[in-house]
Structures are given as structure tokens and as C-alpha cells.
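> Structure, please.
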Amino acid sequence: MTTAPHRVVIVGAGFGGLETTYRLAGAPVEITLIDRRNHHLFQPLLYQVATASLATSEIAWPIRHLMRDRREVTTLFATVSGVDAARRCVLIDDGSEVPYDTLVLATGARHAYFGHDEWETWAPGLKTLEDGTTLRRHILVAFERAERETDPARRAARLTFVIVGAGPTGVELAGTIAEMAHHTLPSDFRNIDTTKARVVLIEAGPRVLAGFPDDLSAYAQASLEKIGVEVVLGQAVTEINRDGVVFGGKLLNAKTRIWAAGVRASPAAEWLGAPADRAGRVEVEADLTVPGHPDIFAIGDTVSINAWEGKPVPGIAPAAKQQGRHVAETIKARLRGETKGPFRYKHAGSLAQIGKRLAVIDFGRIKLRGAIAWWIWGIAHIYFLIGLRHRLSVALSWLWIYARDQRAARLITQGSSKVV
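Got it, this is the predicted structure:
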């Protein structure tokens with residue numbers, strides 16, 4: 001009698017989900033990998049799509065192509081609507097079901113507007129490729145509209161860009177938009193001076209890059225201000241509408257608003273009735289299983305766990321990959337009738353780009369800033385891209401930007417030239 005392979009269902013093909021899949025290679029399992037998109041996204045570089053530095057194809061890969069040599073992996077392009085833990089099946093929004101023996105939830109996160117979901121209409125966030133191309137359109141169209149605008153006040157509003165939230169994404173967006181305005185675009189326009197564009201970075205907290213040491217945070221702020229970004233600290237945004245952003249009791253007229261202030265986990269905790277933190281992240285057990293469900297793991301932005309020397313594990317790609325690796329090793333150990341210890345996160349460092357020649361890196365005892373940090377930042381990101389072609393393409397794009405201040409991906413899509 002042949003024993004049926006152990007059925008592993010992985011929901012989400014992000015960093016954590018893919019790492020789990022890769023690490024289960026050779027194990028006696030059948031894997032079903034489900035994602036509502038057909039591609040894996042290298043999200044750390046998504047802001048470079050939004051700012052016309054990279055094309056979408058340079059930071060995303062079809063999931064089926066990545067799994068083409070894994071005959072034990074079935075890829076499903078579908079949206080999960082829930083989990084029936086009693087019957088051990090994943091529920092799909094078309095009414096179908098996918099049974100499992102072990103389930104891995106790597107469902108990621110979405111934008112969080114702190115109770116003001118209506119702001120999303122006026123200040124989109126940055127989580128998906130669609131978000132990236134939408135923001136790229138908003139940014140490029142702003143300059144195009146300003147070129148045709150004759151009213152000084154309306155032109156100023158067109159040339160004002162507000163980013164809410166000064167974490168790594170907000171800092172990277174602000175710095176890159178400012179460099180576009182000051183170095184890439186000036187010679188392209190005839191009626192406007194793009195160097196007069198205002199880039200305003202608003203942070204409710206006391207400093208930018210709050211997760212970095214104070215000295216690197218101060219350096220990042222000074223560098224941003226040097227390249228033309230207006231940094232506003234200690235001011236919470238109280239309203240966002242079609243005219244602009246309200247903070248400090250005053251309205252700043254701005255036609256381009258970008259949200260980089262917060263995220264909320266996927267509804268995985270709701271599917272299972274599991275304990276969750278304020279951001280909706282599942283509060284998992286030490287081995288990354290969902291409380292009360294030893295056959296269900298949750299990883300990445302889906303979870304909250306204090307496994308970094310007693311501190312919360314950060315929601316970054318290396319953490320998700322480490323969790324995916326731990327889950328795969330735990331599954332393989334169980335199949336051998338063994339056990340594996342709790343998950344422990346090993347922090348490899350924090351990186352953030354400020355401009356094309358500026359970055360900050362925190363390796364713990366070693367802290368780097370400036371051009372050397374920028375080169376290390378670039379090498380690290382290129383290393384983690386999938387495939388030689390993508391690594392070469394991104395490297396050449398960055399070298400061209402570095403040498404000539406030109407961004408080749410300045411394409412306006414998803415609409416016409418109609419004035420709005």
C-alpha cells in the first residue's frame with residue numbers, strides 16, 4: 001500500500017511563502033502554492049517602479065516560471081476567502097476548496113489608514129505592482145499638468161508632492177522624487193522649472209527612520225533636506241482630501257499625496273479566530289504555529305512574534321525568509337517523527353537609500369552612511385534578485401542613473417492626457 005504524500009498548502013508567494021516552498025524540495029510532500037497574483041514581487045524595490053527608475057519586469061517574476069522544475073508543486077492563481085480548520089481546507093472565493101495536512105499562511109499586509117480608509121482615494125499606498133505603476137503615473141502626470149497650467153497657485157499645487165510617513169519607504173520615495181525634480185527632469189520641460197517642485201515628508205514621530213540609531217536617523221534627515229526635501233516632524237496628518245493634506249491645523253495644497261505611514265496584516269487572524277495585535281497580525285507560538293492549530297503556520301507580515309532577543313521581529317524580507325526556512329525545516333522534522341525548537345530571528349542589518357549616492361546601513365556594531373553605504377545597499381539588493389538577467393538589467397539601470405541622471409522607465413500608462 002502506497003502512502004499518500006503529505007499535503008502542504010502555502011497561501012502567498014511572497015518572500016516567506018517562496019522560501020518555504022524552496023526549502024521543502026526533496027521532502028515527501030505535495031505542495032499547493034496559492035496567490036491572488038501570478039507573480040512574485042521584490043517589494044523592497046517597488047518604490048523604484050513608482051519613481052520611474054525600474055520597469056515592472058525587472059522586479060517581478062511569474063510564479064509558474066519559478067516553479068517550472070518542481071513537479072510536486074501546483075500553483076493556483078486564486079483568492080483565498082477563509083480557512084475551515086475543522087475540515088482542514090482552504091476556502092477559495094469561487095466556492096472551491098483546497099484540502100491540506102499542513103497549512104502555511106504567508107499572506108502579507110495591506111495599507112492601514114488608522115481608521116480613515118477614505119484617505120486611500122486621495123493618498124494611495126505602495127504594496128503591489130499596480131500601486132507602483134499608479135504612483136508612477138501620478139508623479140509623472142503632475143509634471144505634465146504643471147507644464148500646461150497657467151494659474152500660479154494651481155501650478156504650485158501640481159508641483160507639490162506629499163509623502164506621509166518617514167519610514168524606509170517614505171524616505172526612499174521622498175529622496176528619489178526630489179532627485180528626479182532636480183536632476184532628471186529640468187531639461188525636459190519648457191514652461192516650468194522642475195527644481196521648484198516641493199517634496200514634503202510628514203512624520204508624526206520625532207524623527208525619520210525611527211527603526212535606525214539616532215545618528216543615522218539624523219544623517220538621513222540632513223541628507224534629505226540637502227537634496228531639497230522638506231521634512232516635517234511631530235505633526236500628525238488629520239485630513240487628506242482632493243485639495244491636499246491637513247497637518248498642524250493648516251491645509252497644504254498638493255495634487256500628489258502618497259501614503260507610507262502604516263500597514264495592516266491580511267485577514268488571516270480573522271479566518272481562524274486567532275489572537276492578533278493592533279495591526280491584525282497573528283500572535284503565533286514560538287514555533288510559528290497559530291495558537292490551537294499545530295498544523296497551521298503563519299509567517300512574514302502576517303504575524304507578530306518576539307523572537308529577536310525578546311524584541312518583535314521586524315516586518316522585512318529577510319525575516320520572512322528566515323521564518324519560511326524555519327517552517328520548512330519544522331515540517332520535514334515532523335515527517336521524520338522529530339521535533340524542532342522555537343524560531344529565532346538573526347538580524348543581518350537595516351538598509352535604506354536616501355538618494356542615488358546616499359544610503360544608511362545599520363549592522364549593529366558597524367554603521368555606514370553616504371556613498372559607501374549606497375554601493376553596499378545596491379549590491380545587497382542585486383544579490384537577492386532572482387536570475388542573472390534581472391541582476392544585470394537592474395545594475396545597468398542604476399549605473400545609467402548614477403552616471404547620467406536618466407530614468408528610462410518614465411512611461412505614463414493607465415490613462416490619457418485628459419486634464420483632471
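
> Going by C-alpha atoms from here, please, whenever you check contacts or count neighbours.
Will do.

> Which parts of the stretch 101-250 of the chain are helices?
129-148, 152-158, 168-179, 214-226 (DSSP state H, counting those that start in this stretch).

> CSV for the ones you listed, including distance to Cys89 and mean pLDDT?
Converted to CSV, those look like this (distance: least, C-alpha to C-alpha, whole Å; pLDDT from 0 to 100):
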stretch, distance to Cys89, mean pLDDT
helix 129-148, 29, 96
helix 152-158, 50, 98
helix 168-179, 36, 97
helix 214-226, 46, 98
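
> hey, which of those is tucked in deepest?
helix 168-179 (a mean of 25; mean count of other C-alpha atoms under 10 Å).

> ok, and what's touching it?
The contact list for helix 168-179, computed with C-alpha atoms under 8 Å, 6 or more residues apart in numbering, reads 47, 51, 163-164, 197-201, 208-209, 224, 227-229, 260-261, 352-356.

> Give me the buried subset of these.
Listed as buried from the contacts of helix 168-179 are 47, 51, 163-164, 197-201, 208-209, 224, 227-229, 260-261, 352-356; burial here means 16 or more other C-alpha atoms under 10 Å.

> domain ranges for this structure?
Recorded structural domains for the chain (assignment: the TED database) are 6-36+78-111+263-336, 117-260.

> End to end on the first one, go ahead and measure it.
When the termini of domain 6-36+78-111+263-336 are compared using C-alpha to C-alpha, to the nearest Å, they are 12 Å apart.

> what's the offset of that domain from the middle of its chain?
Centre-to-centre, domain 6-36+78-111+263-336 and its host chain are 18 Å apart (C-alpha atoms, centre = their mean, to the nearest Å).

> same deal with stretch 151-162?
Here the centre of stretch 151-162 is set off from its chain's centre by 28 Å, with C-alpha atoms, centre = their mean.

> Show me what the lowest-mean-pLDDT helix or strand in the chain is packed against.
The helix or strand of the chain with the poorest confidence is helix 388-404; it has a mean of 84 (mean pLDDT, DSSP states H and E). For helix 388-404, the packing partners by 3 or more C-alpha pairs under 8 Å, 6 or more residues apart in numbering; DSSP states H and E come out as helix 371-384.

> Can you give me the buried ones in the helix it packs on?
373-378, 381-382.

> Any idea which of the domains of the chain gets closest to Lys367?
domain 117-260 (7.8 Å; C-alpha to C-alpha).

> Sketch out the low-pLDDT regions of this protein for me.
For the chain, the stretches flagged by pLDDT under 70 are 1-2, 404, 408, 415-420.

> Does Phe143 touch Arg158 like I think?
Yes - counting by C-alpha atoms under 8 Å, Arg158 is a contact partner of Phe143 at 7.0 Å.

> Can you point out the buried residues in stretch 297-311?
For stretch 297-311, a neighbour-count test (16+ other C-alpha under 10 Å) marks 297-307 as buried.

> what comes into contact with the least confident helix or strand of the chain?
53-54, 58-59, 356-357, 382-383, 385, 406-408.

> again, only this time at 7 Å
Contacting residues not belonging to helix 388-404 are listed as 58, 356, 382, 385, 406-407 [C-alpha atoms under 7 Å, 6 or more residues apart in numbering].

> Equivalent analysis for stretch 61-73, please.
30-33, 38-41, 75.

> hmm, try it at 10 Å
Applying C-alpha atoms under 10 Å, 6 or more residues apart in numbering, the contact partners of stretch 61-73 are 5, 8-9, 13-14, 18, 21-22, 25-35, 37-42, 74-77, 385-387, 390.

> For Ala52, give me its contacts.
Contacts here follow C-alpha under 10 Å, 6+ apart; on that basis Ala52 touches 132-133, 135-137, 139-140, 176-177, 180, 406-412.

> at 8 Å instead, please
For Ala52, the contact set (C-alpha under 8 Å, 6+ apart) comprises 136, 407-411.

> what do you get for Cys89?
By C-alpha under 8 Å, 6+ apart, Cys89 lies in contact with 83, 97-100.

> Using a markdown table, lay out those together with secondary structure.
Putting the contacts of Cys89 into a markdown table (DSSP: H, G, I helix; E, B strand; the rest coil) gives the following:
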| residue | secondary structure |
| --- | --- |
| Val83 | strand |
| Glu97 | strand |
| Val98 | strand |
| Pro99 | strand |
| Tyr100 | coil |
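
> Tabulate the residues you listed (a markdown table), appending distance to Thr330 and neighbour count.
Output for the contacts of Cys89, formatted as a markdown table (distance: C-alpha to C-alpha, whole Å; neighbours: other C-alpha atoms under 10 Å):
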| residue | distance to Thr330 | neighbour count |
| --- | --- | --- |
| Val83 | 21 | 20 |
| Glu97 | 25 | 16 |
| Val98 | 22 | 15 |
| Pro99 | 20 | 18 |
| Tyr100 | 16 | 22 |
